[in-house]
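> Sequence and predicted structure are below.
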Amino acid sequence: MARLILTRPDNRPEARSVLLKEIRNRCGELDDACALVARFASILVNRRGQEKLEQWTLDAEASTLSELHGFASRLRKDWDAVMAGLTLRWNSGPVEGHVNRIKMIKRQMFGRAKLGLLRMRVLPAS
């Protein structure tokens with residue numbers, strides 16, 4: 001179910017879309033969850049936090065879905081950081097990419113060499 005709900009509608013095969021529609025028609029609570037999740041995904045993808053996140057949070061907190069209610073209330077605890085992540089153009093993507101690359105090299109070399117060789121592979125030649 002999570003995969004059905006979280007897959008972009010344009011990437012979802014037709015048979016899966018029909019299945020999700022039938023399930024949503026039978027379960028009102030799941031229909032509400034799907035609508036809230038889709039709105040949140042749109043806010044993330046389109047970076048519309050400033051305009052739409054406040055209303056989404058109010059709707060999620062007012063819903064009967066305890067999971068989304070809890071998620072929304074936890075967003076409020078660090079609201080400034082959430083808003084910064086959704087509105088500012090700066091992010092830690094490049095840094096995370098370098099950390100991921102270094103960890104991959106470290107895993108490849110596990111048990112094979114000491115710190116000197118790791119340093120030579122990680123740091124560019126000067």
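Structure received.
> quick one: what helix or strand has residue 98 in it?
Residue 98 is part of helix 93-108, with elements assigned from DSSP states H and E.
> what helices or strands is the lowest-mean-pLDDT helix or strand in the chain leaning on?
Of all helical and strand segments in the chain, the minimum by mean pLDDT, DSSP states H and E falls on helix 115-122, at a mean of 77. Judged by 3 or more Cβ pairs under 8 Å, 6 or more residues apart in numbering; DSSP states H and E, helix 115-122 is in contact with helix 93-108. Just so you know, the C-beta spots here come from the backbone N, C-alpha and C atoms, and that holds for glycine as well.
> The helix it packs on - what's its average pLDDT?
Taken as a whole, helix 93-108 has an average pLDDT of 88.
> Using CSV, write out every CA atom in it.
Output of helix 93-108 as CSV, limited to C-alpha atoms (Å, rounded to 0.1, in the frame of the first residue of the first chain):
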residue,chain,number,x,y,z
GLY,A,93,23.6,17.7,-1.2
PRO,A,94,27.2,18.1,-2.4
VAL,A,95,28.6,17.4,1.1
GLU,A,96,26.4,14.3,1.5
GLY,A,97,27.6,13.2,-1.9
HIS,A,98,31.3,13.4,-0.9
VAL,A,99,30.6,11.6,2.4
ASN,A,100,28.8,8.8,0.5
ARG,A,101,31.8,8.5,-1.9
ILE,A,102,34.3,8.3,1.0
LYS,A,103,32.2,5.7,2.8
MET,A,104,32.0,3.6,-0.4
ILE,A,105,35.8,3.8,-0.8
LYS,A,106,36.3,2.8,2.9
ARG,A,107,33.9,-0.2,2.5
GLN,A,108,35.8,-1.3,-0.7
